[in-house]
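>>> Predicted model and sequence follow; I will ask about them next.
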Amino acid sequence: GDVSVLLSHLHADHCLDVPGLLVWRRYHPSPPEGRAIVYGPKDTAFRLGVASAECGGQIDDMSDTIDLRRWVDGRTVEFGKLSILARQVFHPPESYGMRVTTAEGRTFAYSGDTGMCQAVQDLAHGADMFLCEASWTDSPERPEGVHLSGTEAGRIAREAGVGELLLTHIPPWTSREDVIAEAKAEFSGPVHAVLPGDVFTV
């Protein structure tokens with residue numbers, strides 16, 4: 001089957017669409033051939049198996065429908081003409097950012113959920129497009145190793161020399177305008193806060 005999902009980590013807001021994918025692939029009268037390939041952290045089969053089970057306390061064996069594969073920090077996987085490098089980033093559960101490189105050498109980097117760390121800076125280095133979380137505004141009172149501010153996202157983009165910065169993971173209780181303004185104060189290139197349905201060409 002085709003690559004379906006690249007999971008950065010297993011917090012519910014990042015992975016609980018997969019049980020719906022499982023139902024569609026398993027029970028559709030004309031499902032796609034083969035299993036969907038899903039990459040994730042080490043306990044993906046357990047966490048999603050619990051979420052997909054018929055009854056509480058059970059674990060659904062998804063292997064009939066989904067080919068689960070584990071990310072390895074620093075390892076690159078090949079999908080057709082794409083190369084995807086995963087790096088473990090600074091977030092409470094096992095979490096990964098990614099760097100996707102096309103056959104033509106264009107690069108798209110994704111921070112995943114993370115606090116400031118060398119891995120996310122390495123992933124962003126020279127990327128044509130950088131999709132970066134910015135979950136709150138900047139403050140010295142923010143806990144370390146959870147999320148980035150708009151200021152930090154912009155700083156990474158500037159120091160990494162990215163072509164374009166896309167901001168994501170801005171919760172409803174955080175001002176999008178403030179996060180965008182923080183990022184623009186640090187990074188002089190194009191900055192966009194993404195919305196559902198947005199399409200960007202790398």
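Nice, thanks for sending it over.

>>> And stretch 43-50, what's buried?
For stretch 43-50, a neighbour-count test (16 or more other CB atoms under 10 Å) marks Thr44, Ala45, Arg47, Leu48, Gly49 as buried. For the C-beta atoms, the positions are set from N, CA and C on the backbone; glycine is no exception.

>>> Tell me the one among those residues nearest to Pro143.
Arg47 (23.3 Å; CB to CB).

>>> So the closest one is in contact with His11, correct?
No - assessed by CB atoms under 8 Å, Arg47 is found out of contact with His11, at 9.8 Å.

>>> for the chain, where's the lowest mean pLDDT among helices and strands?
Using mean pLDDT, DSSP states H and E, the weakest-scoring helix or strand in the chain turns out to be strand 3-6, at a mean of 83.

>>> next structured bit after that strand?
Once strand 3-6 ends, the next helix or strand along the chain (criterion: DSSP states H and E) is helix 12-15.

>>> Asp61: how many residues sit nearby?
12 (other CB atoms under 10 Å).

>>> before we move on, back to that, strand partners (parallel or antiparallel) of the least confident helix or strand of the chain?
With DSSP bridges as the test, strand 3-6 is paired with strand 36-40 (parallel).

>>> counting contacts, what elements does the next helix or strand after the partner strand pack onto?
Next along the chain after strand 36-40, taking DSSP H and E as the criterion, comes helix 44-52. Judged by 3 or more CB pairs under 8 Å, 6 or more residues apart in numbering; DSSP states H and E, helix 44-52 is in contact with helix 12-15, helix 18-27, strand 66-70.

>>> So which of the buried residues of stretch 43-50 is the closest to Pro29?
Proximity of these to Pro29 was ranked by CB to CB; the top entry is Leu48 with 23.6 Å.

>>> Using a markdown table, lay out the helices and strands packed on helix 44-52 together with mean neighbour count, mean pLDDT and distance to Asp178.
Putting the helices and strands packed on helix 44-52 into a markdown table (neighbours: other CB atoms under 10 Å; pLDDT from 0 to 100; distance: least, CB to CB, whole Å) gives the following:
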| stretch | mean neighbour count | mean pLDDT | distance to Asp178 |
| --- | --- | --- | --- |
| helix 12-15 | 14 | 96 | 21 |
| helix 18-27 | 16 | 94 | 32 |
| strand 66-70 | 17 | 96 | 37 |
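
>>> I'd like these written out as TSV, with distance to Gly112 added.
Putting the helices and strands packed on helix 44-52 into TSV (distance: least, CB to CB, whole Å) gives the following:
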stretch	distance to Gly112
helix 12-15	8
helix 18-27	16
strand 66-70	15
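
>>> Please, where are all the helices along the protein?
Using DSSP state H, the helices of the chain run over residues 12-15, 18-27, 44-52, 118-124, 150-160, 176-186.

>>> pLDDT of the last one, averaged?
Just to be clear, that refers to helix 176-186. Helix 176-186 shows a mean pLDDT of 98.

>>> Please render the helices of the chain as TSV that adds distance to Ser139 to the earlier fields.
Formatted as TSV, those follow (distance: least, CB to CB, whole Å):
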stretch	distance to Ser139
helix 12-15	22
helix 18-27	34
helix 44-52	31
helix 118-124	19
helix 150-160	9
helix 176-186	11
